[in-house]
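Student: structure here, sequence nowhere to be found:
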């Protein structure tokens, strides 16, 4: 563009356009379309198998869990199963139905798009499980959970908008236009996961000041577990964002997208089952009480060498952050 002084001046959008053309947009090939999707589906299948085992353990060894929680876990398993089925169908469409059809690599199979709604609902519901548990264990402090709820809602609506517009655009190259929705949605997911981890760690480490030496050791173990699980899901979400941005028009991002929902649910189920084992230790005579989800958190102080049990020892469904509500009170 030539300005009034006769000097050549490039529009501000040219640099962005060139960056998009040279770095972000990649020509679809079998290696960057079918390859990543296949690997992502294989990894998600492995995690799905682990989750199925965890769900089985939950229903067989958490018989005292609230009915509402059991129904929620059942719904989550159905959503996870649907997501996995759609992912497998998408791989079949790309690898078998459209075998040798290079042009088909540029268009998303219907099953690829169909896997997005189960992902959105699963992510939101799992985060709300964490929210409910944090809310109760913190003495019902809304200030701690409202930010998580907000970021979770942002993720849900951003992913929903991506799904709706994705159905209209219907090309992988066109998905580059939906980048902002992907960045906002997955970015919000990562932030929500980090908040969940930070708040749980804060509660547990405040608990340490009221605990015995053995309980302090347990607190360190729980902290490491929380960091590993929540940080892992956050890292996967960030990798999903980066691959979508740097390789738009391809399915490289699905390597992480297909794994993300599976990973989040698997970590949640592991937490539920681990806390059930923790309750079994309490019933056997351990050092502190663990309240049941859906009931008022225990207000009994930690024992210094004596056993303090919950009023309801047979309630299995508890969270690690439910250990002591008073621990977070200032």
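Tutor: Arrived safely, thanks for sending. Keep in mind the model is a prediction, meaning the values are calculated, not measured.
Student: use CA for all of it now, contacts and neighbours both
Tutor: Fine.
Student: pull the number of nearby residues for residue 75.
Tutor: Residues lying near residue 75 (other Cα atoms under 10 Å) number 15.
Student: what are the buried residues along the strand or helix carrying it?
Tutor: Residue 75 is part of helix 67-92, with elements assigned from DSSP states H and E. Buried residues in helix 67-92, counted by 16 or more other Cα atoms under 10 Å: 70, 73, 76-77, 79-92.
Student: immediately after it, which helix or strand?
Tutor: Remark: after helix 67-92, the chain's next helix or strand is helix 110-114, criterion DSSP H and E.
Student: I'd say residue 124 and residue 152 touch.
Tutor: Yes: assessed by Cα atoms under 8 Å, residue 124 is found in contact with residue 152 at 6.0 Å.
Student: with neighbour numbers in mind, choose between the two.
Tutor: residue 152 (27 against 18).
Student: list the contacts of the more buried one.
Tutor: 124, 127, 188, 189, 192 (Cα atoms under 8 Å, 6 or more residues apart in numbering).
Student: the last one: which element?
Tutor: Translated: residue 192. Using DSSP H and E, residue 192 sits in helix 179-207.
Student: show the average pLDDT along that helix.
Tutor: Mean per-residue pLDDT for helix 179-207: 85.
Student: and after that helix, which helix or strand comes next?
Tutor: Taking DSSP H and E, what comes next after helix 179-207 is helix 213-246.
Student: returning to what we had before: the helix holding residue 192 - contacts with which helices or strands?
Tutor: helix 116-137, helix 142-169, helix 213-246 (3 or more Cα pairs under 8 Å, 6 or more residues apart in numbering; DSSP states H and E).
Student: what's the angle from that helix to helix 116-137?
Tutor: 20 degrees (axes from the mean of the first three to the mean of the last three Cα atoms, to 10 degrees).
Student: pull out the buried positions in helix 179-207.
Tutor: Buried-residue list, helix 179-207, by 16+ other Cα under 10 Å: 179, 181-201, 203-207.
Student: ditto for stretch 242-256
Tutor: Neighbour-count burial for stretch 242-256, counted by 16+ other Cα under 10 Å, picks out 243-256.
Student: and for stretch 91-102?
Tutor: 91, 92, 93, 94, 95.
Student: which residues touch the last one?
Tutor: Contact partners of residue 95, counting by Cα under 8 Å, 6+ apart, are residue 34.
Student: same check on the first one?
Tutor: By Cα under 8 Å, 6+ apart, residue 91 lies in contact with 34, 37, 38, 41.
Student: which of these sits closest to residue 100?
Tutor: If you rank the contacts of residue 91 by distance to residue 100 using Cα to Cα, residue 34 comes first, at 11.8 Å.
Student: was I right about that closest one contacting residue 253?
Tutor: No: at 11.6 Å, residue 34 does not count as touching residue 253 under the criterion of Cα under 8 Å.
Student: the helix holding residue 192 vs helix 213-246, what angle?
Tutor: 170 degrees.
Student: give me the element the nearest residue to residue 123 once chain neighbours are set aside is part of.
Tutor: Spatial nearest neighbour of residue 123, excluding adjacent residues (Cα to Cα, 6 or more residues apart in numbering): residue 261 at 6.2 Å. Residue 261 belongs to helix 254-283 when assigned by DSSP H and E.
Student: could you list every helix and strand in contact with that helix?
Tutor: helix 34-61, helix 67-92, helix 116-137, helix 213-246.
Student: pLDDT score assigned to residue 294?
Tutor: 37.
Student: swap in residue 10?
Tutor: For residue 10, the predicted pLDDT is 40.
Student: now for the helices and strands packed on helix 179-207, which one comes closest to residue 109?
Tutor: helix 142-169 (10.3 Å).
Student: out of the contacts of residue 91, which comes closest to residue 99?
Tutor: Nearest to residue 99 among those, with distances taken as Cα to Cα, is residue 34, at 10.5 Å.
Student: mind listing what the nearest residue to the closest one once chain neighbours are set aside touches?
Tutor: Beyond its immediate neighbours in the sequence, the residue positioned closest to residue 34 (Cα to Cα, 6+ apart) is residue 94, lying 6.4 Å away. Contacts for residue 94 were tallied using Cα under 8 Å, 6+ apart; they are 34, 104, 105, 109.
Student: would you confirm that the third one contacts residue 30?
Tutor: It refers to residue 105. Yes: with contacts counted by Cα under 8 Å, residue 105 reaches residue 30, the gap being 7.3 Å.
Student: who's more crowded, these two?
Tutor: More crowded of residue 105 and residue 30, by other Cα under 10 Å: residue 105, with 25 against 15.
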